[in-house]
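1. next comes the sequence, and after it the predicted model I'd like to discuss.
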Amino acid sequence: MTLDFYKPIFGKNKSDKHIARVGHIATVVIGVIVVALAPVISLFPSGLYAVVQQFNGVYSMPVLALILVAFFSKRTSKLGAKVTLFTHIILYAIISFVFTEINYLYTFSVLFFVDLIIILIFNKVKLSSEFDLSTHQPKVDMTPWKYRYVAGIIVLALVVVSYIIFSPLVLAK
């Protein structure tokens, strides 16, 4: 945590000993906060697992959307990735507090497509020019797999069918 957040922002000229000390202090503070919040876990109506999944979805959906777009295109916009992440967090917070009766999984599924749209719009408007795959010479053969589109469609179809099967339309009644 100190190497990722503290050192680049506050400790650029600090010694390794100072950075390690800040890391120890941060660990103790976070530990105390976790111990203090542990009794609150019993108050979560849907359990700890659902709460963890809700927090994971805050960043995992925009990351998944970005990975898919990067997978299917040669270049993508880093500004689009940042805007998508912040937009996703803001929209998720608004939807979670305004529409409390909507399950978080439905919110994630809708926001996933919103994330895709935002990234694709930024890809059309403002592409990053720092890395171009056509000029990069990889060390391994990068010939695309000839069944990639068929496999992708099968995977997407399986996800949609699974979602429908386990939705209130079929099994979850």
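-> Now that the structure is in, tell me what you want to look at. Residues are numbered from 1 along each chain as shown.
2. going by C-alpha atoms from here, please, whenever you check contacts or count neighbours.
-> Noted.
3. nearest residue to K7 other than its sequence neighbours?
-> In this structure, K7 finds its nearest non-sequential neighbour in I19, 7.0 Å apart by C-alpha to C-alpha, 6 or more residues apart in numbering.
4. need the contact list for the one you found.
-> T2, L3, Y6, K7, G11 (C-alpha atoms under 8 Å, 6 or more residues apart in numbering).
5. quick one: it from G47, how far?
-> 36 Å (C-alpha to C-alpha, to the nearest Å).
6. likewise L169?
-> Taken as C-alpha to C-alpha, the span from L169 to G47 is 24 Å.
7. again with L85
-> Taken as C-alpha to C-alpha, the span from L85 to G47 is 26 Å.
8. domain map for the chain?
-> Here the domain parsing of the chain from automatic domain parsing is 1-43, 47-130, 143-173.
9. among these, which is nearest Q137?
-> Q137 lies closest to domain 143-173 among the domains of the chain, at 12.2 Å (C-alpha to C-alpha).
10. chain center to the closest one, what's the gap?
-> 20 Å (C-alpha atoms, centre = their mean, to the nearest Å).
11. for that domain, measure first residue to last.
-> End-to-end for domain 143-173, by C-alpha to C-alpha: 46 Å.
12. thinking again about what came up before, out of the contacts of I19, which sit inside helices?
-> Among the contacts of I19, the members found in helices (DSSP state H) are K7.
13. which single one of the contacts of I19 is nearest to V69?
-> Checking the contacts of I19 one by one against V69 (C-alpha to C-alpha), the nearest turns out to be L3, at 29.5 Å.
14. could you report the separation of that closest one from V160?
-> 40 Å.
15. and if you look at V114?
-> For V114 relative to V160 (C-alpha to C-alpha), the value is 17 Å.
16. pick out whichever of these two has more residues nearby.
-> Each of V114 and V160 has its neighbours counted (other C-alpha atoms under 10 Å); V114 has more, 18 against 11.
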